[in-house]
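Visitor: how does the following fold in three dimensions:
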Amino acid sequence: MNDYDALRDYLLRQKQTEFVLSFEQIEEIIGAALPRAANRASWWDSLRSPDIKMPQREACLAAGFVATRMPDGASVRFTKRKKDGRR
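Guide: Numbering: from 1, shown residues only. Presented below is the predicted three-dimensional model:
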């Protein structure tokens, strides 16, 4: 079990196709503080550098969601992927 399995499980239970969670809400879900790197948009971008395995990205993709850090720098938009794998 990695640190982001709880996020994956949370996302799997969601019925909405798009929603936003604050960093604080994500930390509550995973039961730990997010690393400083979470402030960078690239850390969340599920479609960028797919050859580089990152546990937070893998958790989102495994649940069928694409994550995008919001411009406020303190929240993340989760968007359900279409069946063909695109947003």
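Visitor: quick one, helices of this protein?
Guide: 5-12, 23-30, 41-44, 55-62 (DSSP state H).
Visitor: show me how far the lowest-mean-pLDDT helix or strand in the chain is from its chain's centre.
Guide: Using mean pLDDT, DSSP states H and E, the weakest-scoring helix or strand in the chain turns out to be helix 41-44, at a mean of 87. Remark: helix 41-44 is offset 9 Å from the chain centroid, using CA atoms, centre = their mean, to the nearest Å.
Visitor: got the buried residues for it?
Guide: With burial defined by 16 or more other CB atoms under 10 Å, the residues of helix 41-44 counted as buried are 43, 44. Glycine gets a C-beta too; all of them are placed from N, C-alpha and C.
Visitor: and that helix, what does it pack onto?
Guide: Helix 41-44 sits against helix 55-62, strand 65-69, with contacts defined as 3 or more CB pairs under 8 Å, 6 or more residues apart in numbering; DSSP states H and E.
Visitor: mind running it again at 6 Å?
Guide: For helix 41-44, the packing partners by 3 or more CB pairs under 6 Å, 6 or more residues apart in numbering; DSSP states H and E come out as strand 65-69.
Visitor: so the strand it packs on versus helix 23-30, what angle?
Guide: 140 degrees (axes from the mean of the first three to the mean of the last three CA atoms, to 10 degrees).
Visitor: related to what we said a few turns ago, right, and the helices of the chain - which one's nearest residue 70?
Guide: helix 41-44 (9.0 Å; CB to CB).
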